[in-house]
Structures are given as structure tokens and as C-alpha cells.
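Asker: Turn this into a structure:
(2 chains)
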Amino acid sequence: MTRLNINNQSIVVDVDPQTPLLWVLRDNLNLTGTKYACGIGQCGACTVLMNGHAVRACTTTAAAAEGYEIVTIEGLAEDGRHPVQQAWIDHDVPQCGYCQSGQVLAAVALLNDKSNPTDAEIDAAMTNICRCGTYRSIREAIRQVAIERGDS
Amino acid sequence: MSASGGLLLSFSLPVLSTSKPWQQSTQTATEISAWLSIDPDNTIIIRVAKAEMGQGVMTSLPMIIAEELEADWQQVKVEYADASRQRREKGVYGSMRTVASDSIAAGREMLQRAGAEARERLIKAAAEKWRVAATECYADYGRIYHQGSSRSFSFGEVAGLAAEVSVANVRIKQPDDFNFLGLPTPRLDVPAKVDGSATYSMDVRLPDMVYATVLHCPVIGGRVRGMRLNAVRNMPGFIRALRFESAVAVVADTFWHAKQAAEALPVFWDTRHAEREFSDTIKQAFFAEFGGSGEVVSRQGDIVRLMDRADKTIESDYFAPYLSHAALEPLNATVHVQEARVDVWVGHQDPEAAVAAVSEVTGIAAENVYLHNCYIGGGFGRRSNTDFVREAALIALQIGRPVQMIWTREEDMRGGAYRPMSAMRFKAGFDLSKRLVALTNHSVTHSILYDRDGAVDGPDPSSIDGLHNHPYQFPAWEFLIPARTPT
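Answerer: Got it, this is the predicted structure:
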């Protein structure tokens, strides 16, 4: 039995502790917002937050995730309108959308760490792959959040 | 379902976005036509008959209808058109195949007519209620108005009567008259794609559902010779391994368990009659074709003389290898084969072909195959093929329960239907003013149509598109393909 803290809830799951967190989320808990795209930690579609840091759930076991505060895309904001999500909407960022759960959470982690990231810092942190090529919109949306935060 | 304490979604935008785009919401709404229904509260439900994969059709195509309808866009809600209805009503939605980037170009007039006809019927209904001439009435922003009096109806108030009247010879707007089309408009699927609620086919969850993954022979044309089930029989969650001609499907209670078992299962392949060519040898054969005389597909002017007399010539070879479409969402489909019915949840670019394919492999009549189209995590043409849907249906046929078949990323990259290899040799001749006077091209590629349909009469148009039908003005050209297309 593995105890996980997901979206502010403590949940006990009956899984082999070596099961990747991605599949615990998707198949055991029906939290399907976190996506499977490569399974080898290379694309970032499976990104979740663990204690505020961007982590790739496909290469993180349930055992390794114990004790952390895990946030999935579903738990980012109750109304689905975290400032990063709002910026994504304002800039019409997603195309097919499959990578965007991971992109949003990676951006949240970046902005938690650096409130006004430079282009180089955005490049270094936002390594998630987008097959549709929304990178430019992602950058503009991140800049918007940084600007808005700077104003308040 | 969710262990996250129930996510409350409240949108500040009045335009609703939908997480399950296949769900039909015609319970309380009055249907005006196959394209749209109107709720008593004036919500206008517009149906989209193309597949949304990030190109925006879920928004742009309803916008076209809304423009003619004179709808208030804030009251529009969209859902997918039903492929079963398309079949029952003999193609009422035009082509439901989303390919070739032609959804707007090929569909605009049809959609304008659908919106215009609905508008005129609403006007006619209002006019009848007021006992005035329809020509004295007009539509604007979701309401019908009578010129010269202060009377108006909302669309919802006359929808019931509009459903029963008909109109003929409705004219559509010219682009100069567009009020709404052309204005920057937020795409309707965006909110669901940033909050995690957008349902892709891999996200479908059904009671009693199991998961499958597939191992295909790594060599094209190879077959399964055998497998050692004992190696996986007792693995956690393992249910069954199904042997097909050139692939093995592993079924388990979760995808992770299926993937683990698939990786542990020894499968022996028979490659005696498999493909013997490699990409390198095929490439060499392609370039060797440039030495041949080829077959002319288009010739204009005195190409030999003009090229010979050109002040300057440039010659260059171009090459594209086989390319995997590499959509971020690996190919997958969820199928439930029941006694006299099949339900399919898949993100697909060609729902009608998918329905026909599932009918073919299950033996259940197409009328009883229901396809629920999901969001697509990248199509790029790959999701217009039916191969992976057939596989899922074949597995589900044997399992009986709903089966979600997911190809691993590795299987997806290797999983065929690549963009064809292509080689071209261009030569261009320019005059003293640097104007193009002569162009030759020798083009070698595989025929997509031959691959899909098995026979092509003459050159595959998709192989020479842009060459024989180019729009440019210059005096002479000659375009060649190999005299015998390599297969």
C-alpha cells in the first residue's frame, strides 16, 4: 500500500510501489489530465508538480513520490484559471493540446522559481516537447504572467 | 470517479467549451437541421463534422454557420456531428474526412448555406407569428426583428415553428459582408486543454474496461512464429495474449501491466518472406531513376532549346526520407464489441472509414457501429488510417469487455504508414534578366493511393501535386516520373 498526497488529498493506493506515478494517476485514480507520450522522461507530457518542482511522472515511481505534495493539472486551480492557465487562454496557446498539461505545470514551476525569467531561463526550464510547435505562444504566455506579477 | 475531491469548473466566458466533444446534447433543444439545434434559453448547438486536432475547426467551422445565422456567438455551444447520423442520412454532413488542410476551403459554402437556410427559416417563422411578410424581418445577434415596429423574438422563441417551415433558394454572403468571420476569436477547445479535462481517446474510462498493447513484427511483412506465454502468465494483472498474423496483443488490467508483460513476452518472428529492402537501398534505387528517360506527366514549350539557351542554369537534388508522423499522442483506440453493437472511442480523422473498418473486422453491420470522436493529440494524416482501429476492434472482439488499446511510443514510431520517401532532381534555366525560362523536374516517390487502395490508374495525383498543376508563369517545363513507379 502506498500513501500519496495528490491535489491536497491523502490517498492510499494498492499498487506495486515500483509502478510509475503516471500510471497510478491515469489507471488507478482516473486522473487522465497527465499524459503518456514517450514513457522515458524525454518529452514532459507527464509533468506533475512535486513540492512545487516539475517532475516527469513516467519515470518517477509511486514509492519515490511518497511524502511529496503532488499537484496534477486537475488540481492546479479549482476553477481551472490559475494565472498560467489564464495566460494560456489569453494567448490561445494549445493546438492539439496533448502536451499542454505538462507545459502549464512546467511553466508554473518555472515561475515559482523565477518570477521574471529571461529568455535563456525559459529555454532552460521549458524543455517539454510540442509536436504542433506552440513554443512561441508558450513563451509569450509566460512573459505575460511575469509582467502581471510584476505589476501587482 | 475522481479522487481529487471534485473539480468545480466555472467559466467566466459565456461560450462553453466541451471536455467530451462526442456527447450529443439534443435532449431539450429543438433541432432546426442536422447542423444545429436551438434550446429554449437561446443556446445554439452547432455540430462540427470535421476532427479537431489543433487546427481550430471546432471553432472556425461553427463560426461560418454562426455568421450566416446571425447568431450571438456567446450563445453558441459546439459538439461533434454523429457519424451514424451521417450514414443514416446519406452524407448529410458532406465529407467527414479531415485531411489535406481543406476543411474551410472545401466546406465554407456548404456551411454558409446551412447557416443561411436556418436563419431564413427562423425569420419565416417569426414573420408567420407576426403575420407580416418575411421580407420585413431580419436577424441580428440571436434575435429576429420586424422593421418598423419594436417587435422581436429570440431565436429560441421561434425555433419550434422554424423547425417546421422550409425555405428555398437561400443566398449566402460574400466575404465583404462578413461581420464576424475574420475577427480574432478565442478557440473553444482551449479551456478544456489547459485544465486537463479535454478527453482524448486514451482518457476514456468505462466500467469493466481492460487495457491492451501490441507488439508488431519489427520487419515489414514478417509474421508471428510463436510466443512463450509461460513467461508472462503469472505477471500482475495479466489477462491474455492474442496472436495475430503479424502482431501479438497483450491484455491486462492496467496499461502499465500490459506494457510490462509485453516487454517480458518472448515473441518469435518469421521473417523469411518479409521486406528485404532497407531505406538505403531504396534511396539508391530512387536516385538511379534519374538516369532513366522517365515518363512525361507535363510538358510545355520548347524545353530543350530554352534550357540550352539559358544564360544560367541551376541543378539540385532534393530528398526526404520516410517520416513517421510522430504525433505526441501514441496511436490508441477504445472498443467495446457487444452482441449486436460496437462502440468505438477514438480520435480519428475519418470517422466514416473507421466505422466501415470496425464493421468489416467484427462482422457487425455499420449501422450498429457507433463512433465517439475524441480530441486528437496530433493527427498529421496518420489518424486517417484505419489500421490501429481495426487492431483494437479485433482485440475487443476476442475479449468481450471494453478494451483500450494503446500502442507504446516505440511501437508508434515504428508503426508504419510513414510519409513516403521522395527524391527530386530539379534543373532551372534563367535568362539575362534572371527570369525563369525553363524548368525540368524528375520526381520519384511511393504512391500513397496505391498503398491505401491497392490500385492507381496512371500517376498518383498526390505524388505530382504542385508540379503538373503549378500556378506559375514561365515559358517551358518538363516534369517526369519514373517509367515504372517503384513499389
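
Asker: what stretches of the chain score poorly on pLDDT?
Answerer: Using chain A here. Low-confidence segments of chain A (pLDDT under 70): A:151-152.

Asker: was after chain B, sorry
Answerer: Applying pLDDT under 70 to chain B flags residues B:1-17, B:25-27, B:484-487.

Asker: which element is the closest residue to chain A within the stretch 351-487 of chain B on?
Answerer: Residue nearest to chain A within the stretch 351-487 of chain B (CB to the nearest CB): residue B:377, separated by 3.0 Å. (C-beta placed from N, C-alpha, C; glycine too.) Following DSSP states H and E, there is no helix or strand that holds residue B:377.

Asker: any idea how far it lies from residue B:265?
Answerer: Using CB to CB, to the nearest Å, one obtains 27 Å as the distance from residue B:377 to residue B:265.

Asker: Where do the helices of chain A begin and end?
Answerer: Along chain A, the segments classed as helices by DSSP state H run A:21-23, A:62-65, A:83-90, A:100-113, A:119-125, A:135-151.

Asker: I'd like to know the beta-bridge partner residues of residue A:55.
Answerer: For residue A:55, the beta-bridge partners are residue A:48 (DSSP bridges).

Asker: between residue B:377 and residue B:265, who's got more neighbours?
Answerer: Comparing residue B:377 with residue B:265 by other CB atoms under 10 Å in any protein chain shown, the one with more neighbours is residue B:377, at 32 against 20.

Asker: Let me know the secondary structure of the residue nearest to that one when sequence neighbours are not counted.
Answerer: Ranked by CB to CB, 6 or more residues apart in numbering or on different chains and with sequence neighbours excluded, the top spatial neighbour of residue B:377 is residue B:329, at 2.5 Å. Three-state assignment for residue B:329 (DSSP: H, G, I helix; E, B strand; the rest coil): coil.

Asker: now swap in residue B:289 and tell me
Answerer: Residue B:289 ends up helix, using three-state DSSP.

Asker: List the residues that contact it.
Answerer: With contacts defined as CB atoms under 8 Å, 6 or more residues apart in numbering or on different chains, residue B:289 is in contact with B:423, B:442, B:444, B:482, B:486.

Asker: Name only those of those that count as buried.
Answerer: B:423, B:442, B:444, B:482 (16 or more other CB atoms under 10 Å in any protein chain shown).

Asker: so the third one is in which element?
Answerer: By that I understand residue B:444. Here residue B:444 is assigned to strand B:436-445, by DSSP H and E.

Asker: What strands flank that strand, and is each parallel or antiparallel?
Answerer: Its sheet considered, strand B:436-445 pairs with strand B:422-430 (antiparallel), strand B:476-481 (parallel) by DSSP bridges.

Asker: if you compare the ones you listed, which one is most tucked away?
Answerer: With neighbours defined as mean count of other CB atoms under 10 Å in any protein chain shown, those peak in mean count at strand B:476-481, which reaches a mean of 22.

Asker: residue nearest the centroid of chain A?
Answerer: With distances taken as CA atoms, centre = their mean, the residue of chain A nearest its centroid is residue A:105 (2.8 Å).

Asker: residues in contact with that one?
Answerer: Neighbouring residues of residue A:105 by CB under 8 Å, 6+ apart: A:47-49, A:54, A:71-73, A:76.

Asker: Relative to residue B:220, which of the residues you listed is nearest.
Answerer: Using CB to CB, residue A:47 comes nearest to residue B:220 of the contacts of residue A:105, at 34.9 Å.

Asker: Just give the number of residues close to the closest residue to the closest one other than its chain neighbours.
Answerer: Distance criterion CB to CB, 6+ apart; nearest residue to residue A:47, sequence neighbours excluded, is residue A:102 at 3.7 Å. Other residues lying near residue A:102 total 28 when counted by other CB under 10 Å.

Asker: residues touching residue A:102, list them.
Answerer: Counting by CB under 8 Å, 6+ apart, residue A:102 touches A:34-35, A:43-47, A:128.
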